[in-house]
Each structure stands twice: as C-alpha cells, then as structure tokens.
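Trainee: make a model of this:
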Amino acid sequence: MAGKFDIHFQLWSEGEGAGNGKLFTFGFTSAVGVKGPQKLINRWVKCLFTTKGSDPLRPAEGTGFPGLIGSNFGNAQDVQDAATMFMDDCSSQIRLMDRFNGAADNERLASATIYSITPRGPDGFDIVVHIRNVAGEALTFLLPSV
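Mentor: Take a look at the predicted model:
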C-alpha cells in the first residue's frame, strides 16, 4: 500500500526559486523539503482547516474551524471564543503527533494563541496567530481569510 504524503509550501526569495520556474516538481526534479518553523506552521494550519471526519484514513483529525468561514458571528469576541476552542483542539492533535514523529524542536509545537482579531467590514475577520515552537522561536502569521 502506498504511503500518504502531504505537499508543503515554503516561501523562496527571488534568487532561490527563479532558476527552474517550477512551483511543483512531481518527479521532474527533486522537491524542496520544507523543514523547521515553516513545516510546523504548515502542519498546524492544515490540521486547523481540515474538517473533522473528512479524512477517511484519520477521521479524528481536524477541527470545526472551517465551519466559521461564512458563518454569521456578529462580534470579535464570539469569533475569538469559537476560534480559540478549535485552535486548542488543533494544538492538542499536533502535540500528540509530535510525541510520535521524532521531529526536531523547531518543528514541534509549544503553544498557539490568537494574537489579534480585526473586523474586516462585512467580509469577516482577520485572525493573527502567534505560535511558539519547542525551540523557543516565536512565529506570527495571518490566517487565511475567515
């Protein structure tokens, strides 16, 4: 049975990616391995945005966070309460995976918290997340539109 693999994305500077012009390699040339803090963020965001029960091989993986997209929450506090609940669920799942996958300290989750929530008019909210890895590095990023 074939293994299950994920595609991770890592930002390149202009000099690094300009050479071959390919974003995906899929067997044409060797792929760029994503590691370190970017891999941690990718794994965490993938878990947060996976609807719980949607993966037939891992039905317990994922959260209810995708249900927030397009919902009708009226204020930032309600969004923060719901997002915090789903983020805590996601972080627990990532920590459990980290116990068994032997990842480096900069790829293992220590904590994830909401840094800020800003209303974006009638279109929703911008949620900025603060992640700290076991190595002590702090990472702050904007979640895709919610």
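
Trainee: which stretches of this protein form helices?
Mentor: Counting by DSSP state H, the chain forms helices over residues 14-17, 37-49, 76-101, given from the N-terminal end onward.

Trainee: pick the most buried one from those.
Mentor: Among these, the stretch with the highest mean neighbour count (mean count of other Cβ atoms under 10 Å) is helix 37-49, at a mean of 20. (Glycine included, C-beta is placed from N, CA and C.)

Trainee: that one packs against which elements?
Mentor: If contacts are counted by 3 or more Cβ pairs under 8 Å, 6 or more residues apart in numbering; DSSP states H and E, helix 37-49 sits against helix 76-101, strand 109-119, strand 125-133, strand 138-142.

Trainee: the second one: which residues count as buried?
Mentor: In this case it means strand 109-119. When burial is assessed from 16 or more other Cβ atoms under 10 Å, strand 109-119 yields the following buried residues: 109-110, 112, 114, 117.

Trainee: same question for the last one.
Mentor: Along strand 138-142, the positions that meet the burial threshold by neighbour count (16+ other Cβ under 10 Å) are L139.

Trainee: from G74, how far off is the residue most central in space within the chain?
Mentor: Among the residues of the chain, V45 comes closest to the average C-alpha position under Cα atoms, centre = their mean, at 1.3 Å. For V45, the distance to G74 equals 26 Å [Cβ to Cβ, to the nearest Å].
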